[in-house]
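Chemist: coords below, sequence missing:
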């Protein structure tokens, strides 16, 4: 495996330097020995210029490994260039079946549909690609070109989902101020979007703006009484300043999900703080029923039984 990875890295470096002759030598001499059959045909296809030959090689890679996602995507590109649009769409359909969160496959299928004249289908695929990866520039560019050529407009539903997806992307990237701006944009399209308030709460929580975090978690709960994580996060936010209200939030969370181990542990920890030792042990026992190897629950139960319950 180590030799194969080093070999593939060398091939990629050659491709980046447009040194196809050296790449071919490495593929024929090293990858043929260390790699799998499907990888051998796949990388041969990458360095091949003639489209029909590329298609044959990608097909051989797929024959060797019918679950080779990248081979379907690349063969789809070749079929597109050959004007074989139905075959191209079939390849992207297969890629999406293998990975329904592959933004690139949706983008590429959208482009093929655009070339077929299926503008609505293209737009749907571009939108899906953008929602999966809000910063996939080629999908954003393709959608802009589609709008420019067909005078189409975004609908409210997509705009709401786009800003929500972009906000979540920014939260996951640690860009909390930008995330909040995007959630606010989403809320302009749908002021009752509970999930946007929830993630705004996470962003403010991460920025240590506890007042705003509490406000947004609370708003999310007001809109959606079943938002388990909003109760849990709000409880964590206030557990030191208002343990009784935090306890209520954690209890609400386990009422909605009776296997929520972290919430049971939070309940037990608050109950210990409040001197409710018997109740705390009952909740720790619940955790140990769900996960007999829960180390933290075992340790806290031992502490309470040893120090507080005589």
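Modeler: That came through fine. The model shown is predicted, which means the values in this text are computed figures rather than measured ones. Numbering: from 1, shown residues only.

Chemist: quick one: least confident helix or strand in the protein?
Modeler: When the helices and strands of the chain are scored by mean pLDDT, DSSP states H and E, helix 32-34 comes last with a mean of 74.

Chemist: that one: what's the following helix or strand?
Modeler: helix 37-47 (DSSP states H and E).

Chemist: packing partners of that following helix?
Modeler: Here helix 37-47 touches helix 2-16, helix 20-26, helix 51-64, helix 69-81, going by 3 or more Cβ pairs under 8 Å, 6 or more residues apart in numbering; DSSP states H and E. For every residue, glycine as well, the C-beta is placed using N, CA and C.

Chemist: how about 6 Å then?
Modeler: Judged by 3 or more Cβ pairs under 6 Å, 6 or more residues apart in numbering; DSSP states H and E, helix 37-47 is in contact with helix 20-26, helix 51-64.

Chemist: can you pull the buried residues of it?
Modeler: Across helix 37-47, burial judged by 16 or more other Cβ atoms under 10 Å covers 38, 39, 40, 41, 42, 43, 44, 45, 46, 47.

Chemist: among the residues you listed, which one sits closest to residue 258?
Modeler: Distance to residue 258 across these (Cβ to Cβ) is lowest for residue 38, with 45.6 Å.

Chemist: okay, the buried residues of helix 37-47 in JSON lines with pLDDT and distance to residue 15 next?
Modeler: Below are the buried residues of helix 37-47 laid out as JSON lines (pLDDT from 0 to 100; distance: Cβ to Cβ, whole Å):
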{"residue": "38", "pLDDT": "87", "distance to residue 15": "18"}
{"residue": "39", "pLDDT": "85", "distance to residue 15": "14"}
{"residue": "40", "pLDDT": "84", "distance to residue 15": "15"}
{"residue": "41", "pLDDT": "89", "distance to residue 15": "16"}
{"residue": "42", "pLDDT": "89", "distance to residue 15": "12"}
{"residue": "43", "pLDDT": "84", "distance to residue 15": "9"}
{"residue": "44", "pLDDT": "87", "distance to residue 15": "12"}
{"residue": "45", "pLDDT": "89", "distance to residue 15": "12"}
{"residue": "46", "pLDDT": "88", "distance to residue 15": "6"}
{"residue": "47", "pLDDT": "89", "distance to residue 15": "7"}
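
Chemist: if we can go back for a sec, got the contact list for the least confident helix or strand of the chain?
Modeler: Helix 32-34 is contacted from outside by 3, 4, 7, 40, using Cβ atoms under 6 Å, 6 or more residues apart in numbering.

Chemist: any idea which helix or strand comes after the helix or strand harbouring residue 288?
Modeler: Residue 288 is located in helix 277-290, with elements delineated by DSSP H and E. Sequence order places helix 295-307 as the next helix or strand after helix 277-290, per DSSP H and E.
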